[in-house]
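Engineer: Curious how this folds, go ahead:
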Amino acid sequence: MSRLIAFLLLLISSLVQAAPVDVHGARLWIAPDQTQLVIDADAVVDHKIFPLENPDRLVIDIPQARLAGKLPLAEAQDLLVKGVRSGVLDNGDLRLVLDLKQPVRAKSDLLEPNERYGYRLVVDMTPQAGATVTEQGTSPLPGKPGGKAADSMRDLVIAIDPGHGGEDPGAIGTHGTKEKDITLDIARKLASLINKETGMRAVLMRDGDYYLGLYKRIQLARRHDADLFVSLHADAYQDPNVSGSSVYTLASGAATSSQARWLADKENSADRIGGVNLDDKAPDLSKTLWEMAQGGTLEHGGLVAQAVLANLSKVGAVHHGKVQQAGFAVLKAPDIPSILVETAFISNPDEEKRLNSADHQANLARALLGGIKDYFAAHAPPGTRWASKGGGRRHVINHGDTLGRIAKQYEVSISSLRSANRLSDDSLRIGQVLTIPEG
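Structural biologist: Numbers count the residues shown, from 1 in each chain. From the prediction side, this is the model:
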């Protein structure tokens, strides 16, 4: 009897092993510094990957697999891949061939299923050493020098981060609107407005439909010596009636609410969906928070968040009347004040419709710019053109501020504060910017 059971188990095992894996299709995502091929399968896939020359090709052999879907068409702007084709080897294995425009380095990862995708084989391709690539982010405009050491009178650098992208669509609205498209539209409009301002320059963390890892976004902002980091999103919730915009900063402790904690957990899981290797180590949070506190980064993140929230309230309803805090991974740059803006709830049909409106996107971009300008009017870093504008000191109203406290802080009279800011009474609002008269 035991021999019969063993034989049946062996037979079942051989049948399972012989069952082919279905490859349901593939996608190509083009980033400025790489091209990513994502292959969908219904089970774990063994694979072998190797290059060929004359002409340049990248070959991916997948044993015991069959192509059950379509392969992507290469796009003209792809600097690496010019075509994808398939064939079946004599032993029955599936072979995928990428015809290349230049030699590449390839790295592959097999990703486990998640809430959006099944098994995926991800192949990241970059040019071989010595080849030229376009750096990620928006290039500085002619005549607008960038970088904190560019000259003694430099521009402010604003890093704008459109959330999600590529494999990760973000939240999806009732009518199919993808968060990744909305955030990129608003980011481009905001960048255009910033680049029209004297003494400011925008850098986009992504300027196309591709995914960028959360910590790579931080690294890119630091590479550009950004003075401010603004991550743009469009929230979703199970209740379609929930509406309004919100502004978040990094929490140094517990999140301000269970909803803020839930949202941060959701956004922090983006790398699993976006196809990023999760073996990459995140910055040590305790060290990061200490560095941020020592440098005043946390405090200034709160100040710019209040100024942005005050301006967003002029465009439409805000979901939270106060700045929220949670453990967003993308806000952990130790030396750059950083905020995350949920522009609206894409899960609300009315707000989804507005988010698709170019006019509403422009209004949101103008409100974001207004908050950014209000913040830098009071806190422009030394050596920047905004710091040299003159016109007196400025103060952004924070929680607990009163005219009396502000007057004492700057050693001026309450009456001079009222006069300089044309105040009819002593009421103040969070995010309001006061001009501080000379003492």
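
Engineer: so where's the longest strand in the protein?
Structural biologist: If you go by DSSP state E, the chain has its longest strand at strand 21-31.

Engineer: who touches the next helix or strand after that one?
Structural biologist: Under the assignment DSSP states H and E, the closest C-terminal helix or strand after strand 21-31 is strand 34-41. Residues outside strand 34-41 that contact it (Cβ atoms under 8 Å, 6 or more residues apart in numbering): 21-29, 45, 60, 65, 69, 72, 78-81, 84, 96, 98, 104, 117-126, 166-167, 210-211, 275. All C-beta spots, glycine's among them, are computed from the backbone N, C-alpha and C.

Engineer: Residues contacting the helix or strand following strand 34-41, please?
Structural biologist: Later in the chain than strand 34-41, the nearest helix or strand by DSSP H and E is strand 48-52. For strand 48-52, the external contacting residues (Cβ under 8 Å, 6+ apart) are Arg57, Leu58, Val59, Ile60, Asp61, Pro103, Val104, Ala106, Ser108, Val123.

Engineer: Leaving out sequence neighbours, find the closest residue to the fourth one.
Structural biologist: Same thing as Ile60. Nearest non-adjacent residue to Ile60, counting by Cβ to Cβ, 6 or more residues apart in numbering: Leu96, 4.3 Å away.

Engineer: Next up, the contacts around the closest residue to Ala171 other than its chain neighbours.
Structural biologist: Leaving aside its sequence neighbours, Ala171 sits nearest to Ala236 (Cβ to Cβ, 6+ apart; 3.4 Å). Residues near Ala236 by Cβ under 8 Å, 6+ apart: Ala171, Ile172, Gly173, Glu179, Phe345, Ile346, Ser347.

Engineer: Contacts for the longest strand of the chain next, please.
Structural biologist: 35-45, 62, 64-72, 74-75, 77-78, 81, 84, 94, 96, 118, 136, 166-167, 206, 208-212.

Engineer: From the residues you listed, keep the buried residues only.
Structural biologist: 35-41, 45, 62, 64-65, 67, 71, 74, 78, 81, 84, 94, 96, 136, 166-167, 206, 208-212 (16 or more other Cβ atoms under 10 Å).

Engineer: thinking again about what came up before, what distance do you get for the residue nearest to Ala171 to Glu342?
Structural biologist: 10 Å (Cβ to Cβ, to the nearest Å).

Engineer: Please apply the same query to Ser424.
Structural biologist: 34 Å.

Engineer: now Glu179
Structural biologist: In terms of Cβ to Cβ, Glu179 sits 10 Å off from Glu342.

Engineer: so what sits against both of the two?
Structural biologist: Both Glu179 and Glu342 are contacted by His233, Ala234, under the criterion Cβ under 8 Å, 6+ apart.

Engineer: element containing Leu417, please.
Structural biologist: Leu417 belongs to helix 414-421, assigned by DSSP H and E.

Engineer: Can you name every helix or strand that that helix contacts?
Structural biologist: helix 403-410, strand 433-436 (3 or more Cβ pairs under 8 Å, 6 or more residues apart in numbering; DSSP states H and E).

Engineer: These: lowest mean pLDDT?
Structural biologist: In terms of average pLDDT, strand 433-436 trails the rest of these, at a mean of 80.

Engineer: Summarise which helices and strands that strand is packed against.
Structural biologist: So strand 433-436, by 3+ Cβ pairs under 8 Å, 6+ apart, packs with helix 358-379, strand 393-396, helix 403-410, helix 414-421.

Engineer: What are the buried residues along the last one?
Structural biologist: Which is helix 414-421. In helix 414-421, counting by 16+ other Cβ under 10 Å, buried: Leu417, Arg418, Asn421.

Engineer: For it, the averaged confidence score.
Structural biologist: 81.

Engineer: if we look at it, which residues are touching it?
Structural biologist: With Cβ under 8 Å, 6+ apart, helix 414-421 has contacts from Gly392, Leu403, Gly404, Ile406, Ala407, Leu423, Asp426, Leu434, Thr435, Ile436, Pro437.

Engineer: Now restrict those residues to buried residues only.
Structural biologist: Leu403, Ile406, Ala407, Leu434, Ile436, Pro437.

Engineer: can you put those residues in a markdown table and add distance to Gln219?
Structural biologist: Listed next are the buried ones among the contacts of helix 414-421 as a markdown table, based on distance: Cβ to Cβ, whole Å:
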| residue | distance to Gln219 |
| --- | --- |
| Leu403 | 42 |
| Ile406 | 38 |
| Ala407 | 42 |
| Leu434 | 36 |
| Ile436 | 36 |
| Pro437 | 42 |
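
Engineer: Need the max-distance pair from those.
Structural biologist: Farthest pair in the buried ones among the contacts of helix 414-421 (Cβ to Cβ) is Leu403 and Pro437. Separation: 12.4 Å.

Engineer: pLDDT weak spots in the protein?
Structural biologist: 1-18, 130-152, 277-285, 294, 388-393, 438-439 (pLDDT under 70).

Engineer: The same query, at a cut-off of 50, please.
Structural biologist: 11, 14-16, 133-151, 391 (pLDDT under 50).

Engineer: Show me where it has its helices.
Structural biologist: Taking DSSP state H to define them, one finds helices in the chain at 2-18, 179-195, 214-223, 258-268, 270-274, 285-295, 297-312, 349-355, 358-379, 403-410, 414-421.

Engineer: Nearest to Asn241, out of the ones you listed?
Structural biologist: helix 349-355 (9.4 Å).

Engineer: Next one: the residue most central in space within the chain relative to Ile336, how far apart?
Structural biologist: Closest to where the C-alpha atoms of the chain average out (Cα atoms, centre = their mean) is Gly163, at 3.5 Å. Gly163 is 17 Å from Ile336, where distance means Cβ to Cβ.

Engineer: Need the residues that contact stretch 101-112.
Structural biologist: 35, 44-45, 47, 49, 51, 53, 56, 58, 60, 78-82, 117, 119-129, 131, 272, 275, 277.

Engineer: Which residues does Asn38 form beta bridges with?
Structural biologist: No, residue 38 isn't Asn; it's Val. Arg27, Val122 (DSSP bridges).

Engineer: Report the separation between it and Ser269.
Structural biologist: 17 Å.

Engineer: Repeat that for Ile436.
Structural biologist: Distance from Ile436 to Ser269, by Cβ to Cβ: 44 Å.

Engineer: for Ala260, same thing?
Structural biologist: 15 Å.

Engineer: more neighbours, these two?
Structural biologist: Using other Cβ atoms under 10 Å as the criterion, Ala260 and Ser269 rank with Ala260 on top: 20 against 15.

Engineer: Who are the contact partners of the residue nearest to the more buried one when sequence neighbours are not counted?
Structural biologist: Spatially, and ignoring its direct neighbours in sequence, Ala260 is nearest to Ala326 (4.0 Å; Cβ to Cβ, 6+ apart). Ala326 sits next to Tyr248, Leu250, Ala251, Ala255, Thr256, Ala260, Arg261, Leu263, Ala264 when contact means Cβ under 8 Å, 6+ apart.
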